[in-house]
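Trainee: Provided below for reference: sequence and predicted model.
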Number of protein chains: 6
Amino acid sequence: MPAERSEPIYLFSDEQVAAKSAIARQFLETRTRLNTIVTDADNYLVKRFYNIDHNTYLEGEIPAKYKELMGLVVSAGLRCDDCINYHIIQSYRLGANRAEQEESLNVALVVGGSIVIPHLRRAYALLAELYS
Amino acid sequence: MPAERSEPIYLFSDEQVAAKSAIARQFLETRTRLNTIVTDADNYLVKRFYNIDHNTYLEGEIPAKYKELMGLVVSAGLRCDDCINYHIIQSYRLGANRAEQEESLNVALVVGGSIVIPHLRRAYALLAELYS
Amino acid sequence: MPAERSEPIYLFSDEQVAAKSAIARQFLETRTRLNTIVTDADNYLVKRFYNIDHNTYLEGEIPAKYKELMGLVVSAGLRCDDCINYHIIQSYRLGANRAEQEESLNVALVVGGSIVIPHLRRAYALLAELYS
Amino acid sequence: MPAERSEPIYLFSDEQVAAKSAIARQFLETRTRLNTIVTDADNYLVKRFYNIDHNTYLEGEIPAKYKELMGLVVSAGLRCDDCINYHIIQSYRLGANRAEQEESLNVALVVGGSIVIPHLRRAYALLAELYS
Amino acid sequence: MPAERSEPIYLFSDEQVAAKSAIARQFLETRTRLNTIVTDADNYLVKRFYNIDHNTYLEGEIPAKYKELMGLVVSAGLRCDDCINYHIIQSYRLGANRAEQEESLNVALVVGGSIVIPHLRRAYALLAELYS
Amino acid sequence: MPAERSEPIYLFSDEQVAAKSAIARQFLETRTRLNTIVTDADNYLVKRFYNIDHNTYLEGEIPAKYKELMGLVVSAGLRCDDCINYHIIQSYRLGANRAEQEESLNVALVVGGSIVIPHLRRAYALLAELYS
């Protein structure tokens, strides 16, 4: 099986996303600030894990857009708000439309149950800003 | 947003899958036997839940094949062997190739961590039979 | 088995709960604001899921009060603060006394372990306001 | 708040349950065999934990039957087959009827999502034997 | 097997930790405030659970420092920010150095996957303050 | 911080463990058989993940024995029988005594709650064979 290997082409930069949505902006700023602390620590295994994580979502047999939407589904199923925000933004940057985001969240809702609903509500608030 | 609405077209029947893989056959037989018990109980809310569950994976903005692979990712992330088997089989029936199945499992592995590995091993045993 | 079917009779309205507890008020306001965003999106499967969710807690063989307390137990076991707040409020509105709420939380604590304790602390803060 | 304190009165013994259901019999035999190994180890904290666990389900403000059904809901929500079997049997021994068991499982299904379904199927197989 | 029994000797008090780290101070203040509410409720089973919880981390065959680091690993694996903060602080008070904290978090990261990363970021922010 | 880097020295081989315990033997045989299927698939990201996983448990600031016990705690907290078996065996091979294994399981029991008990029972069955 060919390894995932090429970087996806983003339609929007993080800056454009942050300009469009206040929720996204706050999320990205906090994430950048905290990631700097992690980067400064320079932990070998963390860096390797981050590297694998990055490679998982490259273009492959499955287009990067769908991989990010998969990341959204499992993040919502595992109920991680930061991860949900991240994958909604990445999917948006790769051109996913709102209907695709909602259908992905529906898979998470049905698989994960009503315990997903509080996260779904917050996800819809981000979607409303991004797709306004 | 248009609701998910049309049934996907399967390339293979459950019988063909069962003929190809002993793991799939045992899974499908047990599932059918137990589902008969649930169906006999005729519980109103269970039937409604099953109906929503069915509709979640119909053709929509996202092709059914990718929805089943999303179901695979979240099932592996939540570590449910029966659900993993089910979505691998459904994805196979909808024409997913082995590389697509493996890339989906990679998302689950990286998101869910080494705790996913025992389920990954069993998933690969099923993949090996289906794609032999 | 007869389906769950009749609406429970609430002793208190959401407004009365919000007047009694600042924690409840903030929770209900945020929930209403975000639910409006979800409702505006008008997603077919989300609406159907919300409908099943509503029907699950109707009066049935098990009184609605105990069903809401069951919702509290599983919400605490799955560690969802919003869900805990919701079911504490619903149980309160249906006449559950404080001892019943605490005994329900005890089941969640013993089943779910010390990882539940941070949520238990916040739950007790809400209970203290509601039952003052 | 008064502490939980009195032992519930069971309508059926474990032996009667085992005579009625092959699934229950196998579960109870395995549980007894393994609990003997744990008891032989005589670990102080395990014994104390078992003691708290026992006291959680005593008669209190909430009748023991409903506490066992709560245990069922959270066990199904957390997807633990052994725990589901245990609480179905305990609820049955305390006089819960089949509709109460199913309504409890419905709470778990809606809260926990389709990932609960494989466990629901096995739970219904036990219910079918116990209430035949 | 000898039961866990002697209190560990802390190198730092909570006050010293709070003076060193703003994140720790805010966490400890909130925890103390909410624990007072729980203590006031005087729930018998909660008190017993707290007691077992306390005894689990005493000096035993495994030094208390490693037990607190174990608590950190499982807290991060189960993704509980309050629990992570608590065990980082306890490990720090027992003399764990930064490398030991990071290696413990690495176990949690690899076992629990990228879903742990948002918690890892916040943990590193606390570590940066404590070990500055 | 120095990266984890040297291989631990095992007191016992897998073969010796398998000769001592039937539970361990069956676990190791199944694991080896399934790992061969994964290895044959030669998936790039899986191999990289396995490599990180291996490096996480090397000798470092924390002795390898305690890292394996940490792996046991988080595996039991996350309720993964295969992972529990694996880390009990690894800890045993690195010289952990039975009391250390039990104290580790106590941390998992208290953190994870009674839902851990079915896994604890099976863990004690393995401990009884290894330390007989």
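Mentor: Cool, got the structure. Residues are numbered from 1 along each chain as shown, chains lettered A, B, ... in the order given.

Trainee: Span of stretch A:59-69 from start to end?
Mentor: Taking C-alpha to C-alpha, to the nearest Å as the measure, stretch A:59-69 stretches 13 Å from start to finish.

Trainee: What residues of it count as buried?
Mentor: Applying a neighbour-count criterion of 16 or more other C-beta atoms under 10 Å in any protein chain shown, the buried positions in stretch A:59-69 are A:59-62, A:64-69. Heads up, the C-betas are built off the backbone N, CA and C, glycines and all.

Trainee: now do stretch A:125-132
Mentor: Taking 16+ other C-beta under 10 Å as the criterion, stretch A:125-132 shows A:125-131 as buried.

Trainee: List the ones among the buried residues of stretch A:59-69 that fall in strands.
Mentor: In strands, defined here by DSSP state E, there are no members of these.

Trainee: Just confirm residue A:91 contacts residue A:102, I think it does.
Mentor: No: taking C-beta atoms under 8 Å as the contact criterion, residue A:91 and residue A:102 are not neighbours in contact, 11.3 Å apart.

Trainee: OK, contacts around residue A:77?
Mentor: Under the criterion of C-beta atoms under 8 Å, 6 or more residues apart in numbering or on different chains, the contact partners of residue A:77 comprise A:108, A:111-112, A:116, B:74, B:77-78, D:113, D:115.

Trainee: Which ones among the residues you listed map onto helices?
Mentor: Within the contacts of residue A:77, membership in helices is found for A:108, A:111-112, B:74, B:77, as judged by DSSP state H.

Trainee: Dump these to a markdown table, plus pLDDT and distance to residue B:40.
Mentor: What follows is these, written out as a markdown table (pLDDT from 0 to 100; distance: C-beta to C-beta, whole Å):
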| residue | pLDDT | distance to residue B:40 |
| --- | --- | --- |
| A:108 | 98 | 30 |
| A:111 | 98 | 25 |
| A:112 | 98 | 27 |
| B:74 | 98 | 29 |
| B:77 | 98 | 32 |
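
Trainee: Narrow the residues you listed to those that are buried.
Mentor: Among the ones in helices among the contacts of residue A:77, those buried by neighbour count (16+ other C-beta under 10 Å) are A:108, A:111-112, B:74, B:77.

Trainee: Now do the longest helix anywhere in chain A: which elements does it pack against?
Mentor: Taking DSSP H as the criterion, chain A has its longest helix at helix A:22-41. Here helix A:22-41 touches helix A:14-20, helix A:81-93, helix A:117-130, helix E:117-130, going by 3 or more C-beta pairs under 8 Å, 6 or more residues apart in numbering or on different chains; DSSP states H and E.

Trainee: Could you list the residues in contact with that helix?
Mentor: Residues beyond helix A:22-41 that count as contacts (C-beta under 8 Å, 6+ apart) turn out to be A:14, A:17-19, A:46, A:82, A:85-86, A:89, A:125-126, A:129-130, E:102, E:120-122, E:124-125, E:127-128, F:1.

Trainee: Pull the contacting residues for the residue sitting nearest the centre point of chain A.
Mentor: Residue closest to the mean C-alpha point of chain A, counted by C-alpha atoms, centre = their mean, is residue A:87 at 1.1 Å. With contacts defined as C-beta under 8 Å, 6+ apart, residue A:87 is in contact with A:68-69, A:71-72, A:75.
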